[in-house]
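Student: Would you be able to build a 3D model of this:
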Amino acid sequence: MGKATLVIMAAGIGSRFGGGIKQLEPVGPNGEIIMDYSIYDALEAGFDKVVFVIRKDLEKDFREVIGNRIEKQVEVAYAFQEIDDIPEEYKMKFKERKKPWGTGQAILCCKDLVKEPFLVINADDYYGKEAYREAYSYLVETGKNKATEKLPVCMVGFKLKNTLSENGGVTRGICNVDEDRMLTSIVETHNIVKKKDGAAVVTEGVEKDIDLESEVSMNMWGLIPEFFDVLEEGFSEFLEDAESGDLKAEYLLPTIIGNLLENEKVTVKVLQSKDKWFGVTYKEDKDSVVNSIKELIAQGHYQKKSGK
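Tutor: Now for the predicted structure:
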């Protein structure tokens, strides 16, 4: 077995969830949260380290709800994503900023903690067992080989129809994939809403239909340590180009990887999982997640007494 780390992004403010810390909401029969199931599936697949990316102000609650417990099962480290964790020369420019800088910055926070191939996931998404097995196999094989001129990346793709919320718009990376399962392009697409007969992207009140069978990224990326250097260089360029008045600009993994792909600096293998994704984007999504966990337990995927 090769070494591989699971990086869990949990620093989001979760404003759409009504102000609560949605990543710490219990969904299992014994108070388990989605991360419990993600970590269990990752360890079962072969991952041997977990890095939590959180905000410093969440640390106490986070450790009490899950961190202290997971530390008894596997090696754990913490990376802290903060608004002002940017090069000194940009701090005055963005002094009014109220939230961290997105998933690209979240991963960059792990630079000194991760020295092996790693898988990135969202804290509030359930991806399924097969996704972790596929990603682990890819990462271990990639870890045996030196990085080529183009950095090797993988992502686990999901069908758009299986990733929509009944309770509001979602953001997804819409992917184009060739016959060899290689990513050719990805576009971060905001406010995709579920309709009675399909889905649409809503922009300023105008709807544009989108294919339910579209393959999308759910921020499940397999990366190698060399990617940190690319992220660091790109983050400085992003801050330089961003307007000082744009306090919501985000440095996002799908956009970053899409640009690298366009400039022929990475190759991206799109892995497939037959498992159904589900997650908590809105507070109202929680009931459906609870019911999905119950169904998985009934099917024997997890033990009822422990939730795993």
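Student: for this protein, longest strand please?
Tutor: strand 183-195 (DSSP state E).
Student: what pairs with residue 198 across the strands?
Tutor: residue 195 (DSSP bridges).
Student: Just the buried positions in stretch 159-167, please.
Tutor: Within stretch 159-167, the residues scored as buried using 16 or more other Cβ atoms under 10 Å are 159-160, 163-165, 167. All C-beta spots, glycine's among them, are computed from the backbone N, C-alpha and C.
Student: okay if I get the residues you listed as CSV plus distance to residue 109 and pLDDT?
Tutor: Shown next, in CSV, are those (distance: Cβ to Cβ, whole Å; pLDDT from 0 to 100):
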residue, distance to residue 109, pLDDT
159, 31, 90
160, 29, 91
163, 26, 88
164, 30, 88
165, 28, 86
167, 30, 87
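Student: biggest separation within those residues, which pair?
Tutor: Greatest spacing in the buried residues of stretch 159-167, by Cβ to Cβ: 159 and 167 (19.3 Å).
Student: what's the distance between the residue of the chain most remote from its centre and residue 86?
Tutor: In the chain, counting by Cα atoms, centre = their mean, residue 92 sits farthest out from the average C-alpha position, at 29.4 Å. For residue 92, the distance to residue 86 (Cβ to Cβ, to the nearest Å) stands at 11 Å.
Student: ok, back up a step: can you list phi and psi of the residue farthest from the centre of the chain for me?
Tutor: phi -70, psi -40 (degrees, to the nearest 10).
Student: Not counting sequence-adjacent ones, nearest residue to residue 116?
Tutor: In space, and not counting its chain neighbours, residue 116 is closest to residue 3: 4.5 Å by Cβ to Cβ, 6 or more residues apart in numbering.
Student: pLDDT weak spots in the stretch 51-200 of the chain?
Tutor: 143-148 (pLDDT under 70).
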